[in-house]
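[1] Curious how this folds, go ahead:
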Amino acid sequence: MGIHGLMTYIGENHNFFNNVKLRNTKIVIDGNNLFHRLYFDSGLDLKYGGEYDLFVDVICKFFEALSRCNITPYVVFDGGCDCTDKKFETIKQRARDKIQKAHVISRGGGGTVIPLLVPEVFKQVLVQLQLSFVQCDAEADRDIVALANQWACPVLTLDSDFCIFDLKAGYYPLNYFKWKNIITPKDSSESYISAQCFSIENFCNHFSHINKALLPLFAVLNGNDYVNLPSLETFFNRVCFHTRTSASTGRKHVRIQGLLNWLSRFTEPKEAIENVLKYLKQNEHEEIREVLCSHMKEYTQSEVDLTKFFQNKDARPHIPTALASKAPEWVFVALMKGELAPFVSDCLILKRAFLHTQVENMCRPSSHKCSLYIRQVIYGLLLTTNETCPDLTSGFSGRVPGEADIVSEEHSKVHCMEEFDRYERTLKKTSIQAVLKRFNSNEIHSLQRLPEIPMLDRINFLLETLKVKPDVQALPAHLHLTVAVTCYWVTHAEPKVTLHHLQALLLCIVTGELHKIIHKPDNRSSEEKGVGKVYDSLSWLRQRKQQMGNLDIDVAHVFCQWQSCLLMGIYLNQLLHCPLPAPDISRLYSGTFVHRLYQELKLMVAAEDLLKGSWVAGEIYHELLHTVTSTVPVGFFQKRRKSKSRDKLKEKQTTGSTVSTGKDDQGHPMWHDVNNRFAALSTEDFG
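    Numbering: from 1, shown residues only. Predicted coordinates for the structure are as follows:
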């Protein structure tokens, strides 16, 4: 949620806080708030598509700091949108705001729009660190309060609503949580983190000992993400607030201070509500009274008991009423464990999806158009309730669906999904027809039966959706999904993917593979000294990002399409019970690095020249390039006008003449040989 102007207001009064040395405690963390703050506060890239590997380092350092102080974190994430849609207008307005912010960033201005894959990266790191987390049914605030009060431990977030909740152990705002500066006293071995704890008692005492029970009414009257009643402006225009103000006091702060002082005159909420109604028209009283009472309930803790989940991951989950009739139990469990994204619950409950805006070319269609067919298949799986259905995919040729696949408002919405996405610089709603695909039988299985489908059938279903031949399975398992998505992207992107785009992306992936080799626990550097040399050389190239100049928004648009395809490929893989290993996103893509590589390749630098000194690096690159280019027609990457030097460079880049062919006598990739140092990557995924 969020109370308009309150966080700024309380931040200007240090009397509302108590200084604390935090250690030896549990702490409940607002997961969505944390990954936003960690990313934004670390100065990481916001315009080139994200720096996911650097973000992983930040996340690890944060949780390492907690561990050093014996602070045990329990992370709680928001789920999908509330089934009552009471926050729908706020969600739409935030989506519009993100479009404008992304446009400003794309033009070289400031602003904050979280890169597309940040939430998935954050959860992947939590899994790798074996940290406990849970994903709620909808907004997590009330569940966080219930959990923190059951354990009598503090809450860590940066959400002004937690100034209203009555928390036994208090609320620690993230901006006053000094996790980067751990203190270890000379006379003690116990380290601690300096923090400030918001004190609801101090806050209430400041306003003539206002009753805490009146704070939810204050939040609703002042305006939050749920309530914005024009009628209440009549109340503010008519009531007289006796407030001492200074020239620097903003209008919002005057309202906050005046409203709290006014409410302090009353002993309990019912009395205060009746006095609010005195300033309004008689015919509005009943409606306003009902709205105020209803939304005040948002500041009571929920009845969901998350302690059972954290104590036993196999415990039966809380089943929300809105989902009970729309999905089987395995879906509830997967959502609660964060194994399925909130995107899935929104589709199931509301038949609606909001697509996250990226920093791209706003004059072109949304980058999410590229992944439309993958989403249509996801919608088909989620909306299928019958055991058998007619096949609606006959004749699909791998194209991006056009107008025939996007239906009007009047079309039957039995198998349709509402999508909210960017259209130029506005937010547009479109009704999208689901695609119902068959597995390797004559049936389109229901959502209930998805886990029962043989793994090979699920793999084939996924690869067929991405229009990829099974040849991709010759690669190491942990790269299957990434390469399959990349093949799909190459044939569906608009503007068209060039060889330089593809090479830059593959070189970034190769760098991630080299990182895994270098950091393998039993690594013996004498086996392949060249790996470290090439990795260092590529890392040095990346550090020259200050020389990149202005953002090329068409290049950014192409790579935004790849991220959209990867995210939807991950969602589809999750929904199919992960028949392919989940890719380590942080070792696949770094926006600044990919753009820097693209610039180097445009300057006539051959990709192989960047890998000189390591046959392993060349082997990986060649195999990835060969796998992807083999899925497109001959001449797909050729330009209309080419010089002789371009012809030579093209030959060098596509034939791999400077590296080994990568095949043994039977045609298998050499990097799978048991005597090959890189072979381990076919069966293991290193952090």
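
[2] Poorly predicted segments of the stretch 151-300 of the chain, please.
    224-229, 242-252 (pLDDT under 70).

[3] And the helices in it?
    Applying DSSP state H, counting those that start in this stretch to the stretch 151-300 of the chain gives helices spanning 200-206, 215-222, 231-238, 251-263, 269-277, 285-296.

[4] Comparing those helices, which comes out most buried?
    The highest mean neighbour count among the helices of the stretch 151-300 of the chain, using mean count of other CB atoms under 10 Å, belongs to helix 215-222: a mean of 24. Yep, even glycine has a C-beta here, placed from its N, CA and C like the rest.

[5] how distant is it from the center of its chain?
    31 Å (CA atoms, centre = their mean, to the nearest Å).

[6] relative to helix 269-277, how tilted is it?
    Relative orientation of helix 215-222 versus helix 269-277 (axes from the mean of the first three to the mean of the last three CA atoms, to 10 degrees): 20 degrees.

[7] for helix 215-222, packing partners?
    helix 251-263, helix 269-277, helix 285-296 (3 or more CB pairs under 8 Å, 6 or more residues apart in numbering; DSSP states H and E).

[8] With just CA atoms, put it into PDB.
    What follows is helix 215-222, C-alpha atoms only, in PDB (Å, rounded to 0.1, in the frame of the first residue of the first chain):
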ATOM      1  CA  LEU A 215      -4.400   5.600  13.100                       C
ATOM      2  CA  PRO A 216      -6.100   3.300  10.500                       C
ATOM      3  CA  LEU A 217      -8.800   6.000  10.100                       C
ATOM      4  CA  PHE A 218      -6.000   8.600   9.600                       C
ATOM      5  CA  ALA A 219      -4.500   6.500   6.900                       C
ATOM      6  CA  VAL A 220      -7.800   6.100   5.000                       C
ATOM      7  CA  LEU A 221      -8.700   9.800   5.400                       C
ATOM      8  CA  ASN A 222      -5.300  11.000   4.300                       C
END
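
[9] returning to what we had before: please convert the helices of the stretch 151-300 of the chain to a markdown table, extending it with distance to Ile59.
    Shown next, in a markdown table, are the helices of the stretch 151-300 of the chain (distance: least, CB to CB, whole Å):
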| stretch | distance to Ile59 |
| --- | --- |
| helix 200-206 | 30 |
| helix 215-222 | 31 |
| helix 231-238 | 41 |
| helix 251-263 | 33 |
| helix 269-277 | 41 |
| helix 285-296 | 34 |
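
[10] Among those helices, single out whichever gets nearest to Gln135.
    Closest to Gln135 of those is helix 285-296 (CB to CB; 24.2 Å).

[11] Phi first, then psi, for Ser590.
    Main-chain torsions, Ser590, degrees, to the nearest 10: phi -130, psi 120.

[12] Just give me how far stretch 32-44 sits from the chain centre.
    Put simply, stretch 32-44 sits 12 Å off its chain's centre (CA atoms, centre = their mean).

[13] and Val239, how many residues sit next to it?
    Counted by other CB atoms under 10 Å, the residues lying close to Val239 total 14.

[14] for the closest residue to it other than its chain neighbours, what are its contacts?
    Nearest residue to Val239, sequence neighbours excluded (CB to CB, 6 or more residues apart in numbering): Tyr279, at 5.9 Å. Counting by CB atoms under 8 Å, 6 or more residues apart in numbering, Tyr279 touches Thr234, Phe235, Arg238, Val239.

[15] Would you check how far apart the third one and Gln543 are?
    Relative to Gln543, Arg238 is positioned 61 Å away (criterion: CB to CB, to the nearest Å).

[16] Val56 now?
    With CB to CB as the criterion, Val56 and Gln543 are 18 Å apart.

[17] Which one's more surrounded, the two?
    Set side by side, Val56 and Gln543 show more neighbours around Val56, with 20 against 11, by other CB under 10 Å.

[18] Which secondary structure elements does whatever helix or strand Lys101 lives in sit against?
    Element membership for Lys101 (DSSP states H and E) is helix 88-106. Helices and strands touching helix 88-106, by 3+ CB pairs under 8 Å, 6+ apart, are strand 416-423, strand 426-433.

[19] Distance to Leu348, mean neighbour count and mean pLDDT for the ones you listed - can I get that in JSON lines?
    Converted to JSON lines, the helices and strands packed on helix 88-106 look like this (distance: least, CB to CB, whole Å; neighbours: other CB atoms under 10 Å; pLDDT from 0 to 100):
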{"stretch": "strand 416-423", "distance to Leu348": "10", "mean neighbour count": "20", "mean pLDDT": "97"}
{"stretch": "strand 426-433", "distance to Leu348": "15", "mean neighbour count": "16", "mean pLDDT": "97"}
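
[20] Could you dump those strands into JSON lines with distance to Pro495 added?
    Formatted as JSON lines, the helices and strands packed on helix 88-106 follow (distance: least, CB to CB, whole Å):
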{"stretch": "strand 416-423", "distance to Pro495": "17"}
{"stretch": "strand 426-433", "distance to Pro495": "21"}
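
[21] Cys560 is nearest to which of the ones you listed?
    Short answer: strand 416-423, nearest of the helices and strands packed on helix 88-106 by CB to CB, at 10.8 Å.

[22] and the residue sitting furthest away from the middle of the chain, how far is that from Arg289?
    Centroid-distance maximum for the chain: Gln282 at 46.5 Å, with CA atoms, centre = their mean. For Gln282, the distance to Arg289 (CB to CB) stands at 12 Å.

[23] before we move on, what about Asp346?
    According to CB to CB, Asp346 and Arg289 sit 32 Å apart.

[24] Likewise for Val304?
    28 Å.

[25] got a list of contacts for stretch 254-265?
    5-6, 9, 207-210, 214, 217-218, 221-222, 236, 239, 241-243, 245, 249, 272.

[26] Of the residues you listed, which belong to strands?
    If you go by DSSP state E, those have nothing in strands.

[27] residues contacting the closest residue to Leu38 other than its chain neighbours?
    In this structure, Leu38 finds its nearest non-sequential neighbour in Val58, 5.4 Å apart by CB to CB, 6+ apart. For Val58, the contact set (CB under 8 Å, 6+ apart) comprises Leu38, Tyr39, Ser42, Leu44.

[28] Just the buried residues of stretch 540-557, please?
    The neighbour-count check on stretch 540-557 (16 or more other CB atoms under 10 Å) flags Leu541, Arg542, Lys545, Leu551, Asp552, Ile553, Val555, Ala556, His557 as buried.

[29] So for the third one, what's the pLDDT?
    Pointing back at Lys545 there. As predicted, Lys545 sits at a pLDDT of 60.

[30] How many neighbouring residues does Leu44 have?
    20.

[31] That one and Asp53 touch, don't they?
    No. When contacts are counted by CB atoms under 8 Å, Leu44 is not listed as touching Asp53 (10.0 Å).

[32] ok so, going back, quick one: the residue nearest to Val239 and Met296, what's the gap?
    Distance, Tyr279 to Met296, by CB to CB: 18 Å.

[33] related to what we said a few turns ago, now, among the contacts of Tyr279, which is nearest to Thr157?
    Nearest to Thr157 among the contacts of Tyr279 is Phe235, at 30.0 Å by CB to CB.

[34] what phi and what psi does the backbone show at the residue nearest to that closest one when sequence neighbours are not counted?
    Residue nearest to Phe235 in three dimensions, not counting chain neighbours: Tyr279, with 4.6 Å by CB to CB, 6+ apart. Tyr279 adopts backbone torsions of phi -90, psi 0, taken as degrees, to the nearest 10.

[35] go on, His626?
    Torsion angles at His626 (phi, psi; degrees, to the nearest 10) stand at phi -60, psi -40.

[36] pLDDT value on it, please?
    His626 carries a pLDDT value of 94.

[37] so how many other residues sit close to it?
    A count of neighbours around His626, defined by other CB under 10 Å, yields 18.
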